[in-house]
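K.L.:
Model the structure of this input:
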Amino acid sequence: MPQTPQSLVIATRESRLALWQAEHVKALLQAHGHTVQLLGMTTQGDQILDRSLSKVGGKGLFVKELEVALEQGRAHIAVHSLKDVPMELPEGFALACVMEREDPRDAFVSPRYENLDALPQGAVVGTSSLRRQVLLQALRPDLKIEPLRGNLDTRLRKLDEGQYDAIVLAAAGLKRLELAHRIRDTFTPAAMLPAAGQGALGIEVRSDRQDLIDALAPLAHQPTWLTVAAERAVSRAMGGSCSMPLAAHGTMAASVLQLDAAWGDTEGQAPLVRAQASGPVGTLAQAEALGEAVAQRLRAGGARGAGAAASAG
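P.N.:
The predicted structure follows:
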C-alpha cells in the first residue's frame, strides 16, 4: 500500500561522511514522494577530540544531540552509522530501518606501504578503536598503535602530515566519499574482524511514530538487518561499549547466518578469544539468540564483559 507523502526533517552530524549518508537517505525518500530537509548538528563526539571515546562516554556521544532533536520535534528521523548506535536505545526511541550494507571490512591506508606486512618493525599505526588495536596487536605485536581521532578527512590529513606510517579506517566510509583510491589494502574479516554493524546505516525515530516507521519500510534491507541484529546482540550480551575491544561480524547465505566474534585484552595479558556459531535466521529474535550464543562462547573462552551498553568501535 503506497505511503502518504510526508514532509520530513533528517537530523545529521555535519561531518562530510554523515552528510553524505543523510543526503543518500534524503534522495531515497524523495524518490518515494516525500519532501525532505536536513538539520545539521554538531555532537559531543565531534567536539571532544583530545581524548579517546572510551574515556569520555562512548560512541553514544555521536547520537545524543540527534535524539534530542527528535524528542523536541525539530527533526523526524536521524541517520546513523550503525556501529555508532548504542546497543540499547533510550526509552521512546526505535531503530526503524537498517539499510543495505556497504563493504563492512577495514581498510589499510598508507602513502608509503602497500599492506600491514610491509610495515617496518615498530611502525606507527593510527586508530582509536580498541577493537582494531587488539586485532592489530595479534597480527603484528611489534607495531606502535597510536590514538587517532577526528572525522575522515582529519584522519587522512594527519596521515599525510607524517604523524603515522599507516592508519586503519572503515572501507565503507572511504568508498562512500569516493576515496577508495586511498585504500592500499583491505583486511579480510578472518584477519581483522569488523565491528558490529560496520558498513550499515540505521535510521532512528521516536518509537510512537508508526507513520515514520511505515514510510521508512521501503528503505530497509532485511538480510542486513538480521545480520547486524545478531552482531549487535553479541555486543549487548557482553555489555559491549567503546571501552571493550570486541568484534562481531556475520554473513548470510540462503537464510543461514554465520556469526564470528573476537575479544581481546588491550593490556596484552590474555590471548585473543574467538567464537562462532551458525544457524537458520529468519526473524530478529532468531538473530539475537544466535548473537547471545556466540557471546556465551566468548565468555567460556575467557572473554570478560563490561557494564556499559554502547557500540564497539
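
K.L.:
Could you use CA atoms for every contact and neighbour count after this?
P.N.:
Fine.

K.L.:
SS state for Q258?
P.N.:
Assigned with DSSP: H, G, I helix; E, B strand; the rest coil, Q258 falls in the strand class.

K.L.:
Check the spacing between it and E100 real quick.
P.N.:
18 Å (Cα to Cα, to the nearest Å).

K.L.:
With T283 instead?
P.N.:
Separation of T283 from E100 (Cα to Cα): 17 Å.

K.L.:
More neighbours: which of the two?
P.N.:
Shown here are T283 and E100; by other Cα atoms under 10 Å, E100 has more neighbours (17 against 14).

K.L.:
Surely that one is in a helix?
P.N.:
No. The assignment for E100, made by three-state DSSP, is coil rather than a helix.

K.L.:
Could I get the pLDDT score of the residue nearest to it when sequence neighbours are not counted?
P.N.:
In space, and not counting its chain neighbours, E100 is closest to H221: 5.0 Å by Cα to Cα, 6 or more residues apart in numbering. The model reports H221 with a pLDDT of 96.

K.L.:
Also V98?
P.N.:
So V98 comes in at 97 (pLDDT).

K.L.:
what's the answer for L130, then?
P.N.:
89.

K.L.:
same thing with Q6?
P.N.:
Looking at Q6, its pLDDT stands at 84.

K.L.:
how about it, what does it touch?
P.N.:
33-35 (Cα atoms under 8 Å, 6 or more residues apart in numbering).

K.L.:
same deal with I213?
P.N.:
Applying Cα under 8 Å, 6+ apart, the residues contacting I213 are 96-97, 205.

K.L.:
can you list those residues in CSV and add secondary structure, distance to A217 and neighbour count?
P.N.:
Formatted as CSV, these follow (DSSP: H, G, I helix; E, B strand; the rest coil; distance: Cα to Cα, whole Å; neighbours: other Cα atoms under 10 Å):
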residue, secondary structure, distance to A217, neighbour count
A96, strand, 8, 23
C97, strand, 7, 23
V205, strand, 12, 25
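
K.L.:
Between these, which sits nearest P104?
P.N.:
Using Cα to Cα, C97 comes nearest to P104 of these, at 17.7 Å.

K.L.:
beta partners for that closest one?
P.N.:
Counting by DSSP bridges, C97 forms beta bridges with I203.

K.L.:
let's number from 46 now, not from 1
P.N.:
Right, with 46 as the first residue, what we last looked at is C142.

K.L.:
what's near enough to touch it?
P.N.:
Listed by Cα under 8 Å, 6+ apart, the contact partners of C142 are 247-249, 258, 261-262, 264-265, 270.

K.L.:
Quick check: the farthest pair among the residues you listed?
P.N.:
Spanning the widest gap among the contacts of C142 are I258 and W270, at 14.5 Å by Cα to Cα.

K.L.:
Low-confidence stretches in this structure?
P.N.:
Counting by pLDDT under 70, the chain has low-confidence residues at 46-48, 88-107, 285-288, 351-358.

K.L.:
Show me the residue sitting in the middle of this protein in space.
P.N.:
K128 (2.0 Å; Cα atoms, centre = their mean).

K.L.:
Please identify the nearest residue in space to that residue, excluding sequence neighbours.
P.N.:
Distances taken as Cα to Cα, 6+ apart place G242 nearest to K128, at 4.8 Å, with adjacent residues excluded.

K.L.:
That neighbour contacts R277, correct?
P.N.:
Yes. Counting by Cα atoms under 8 Å, G242 does reach R277; the two are 6.9 Å apart.

K.L.:
for the contacts of Q51, which one is nearest A56?
P.N.:
Nearest member of the contacts of Q51 to A56, counting by Cα to Cα, is T80, at 14.4 Å.

K.L.:
How far does the helix or strand hosting A334 sit from its chain's centre?
P.N.:
Taking DSSP states H and E as the criterion, A334 maps to helix 329-345. Centroid displacement of helix 329-345 relative to its chain, using Cα atoms, centre = their mean, to the nearest Å, is 19 Å.

K.L.:
pretty sure R146 contacts L246?
P.N.:
Yes. Here R146 lies in contact with L246, judged by Cα under 8 Å, at a distance of 7.1 Å.
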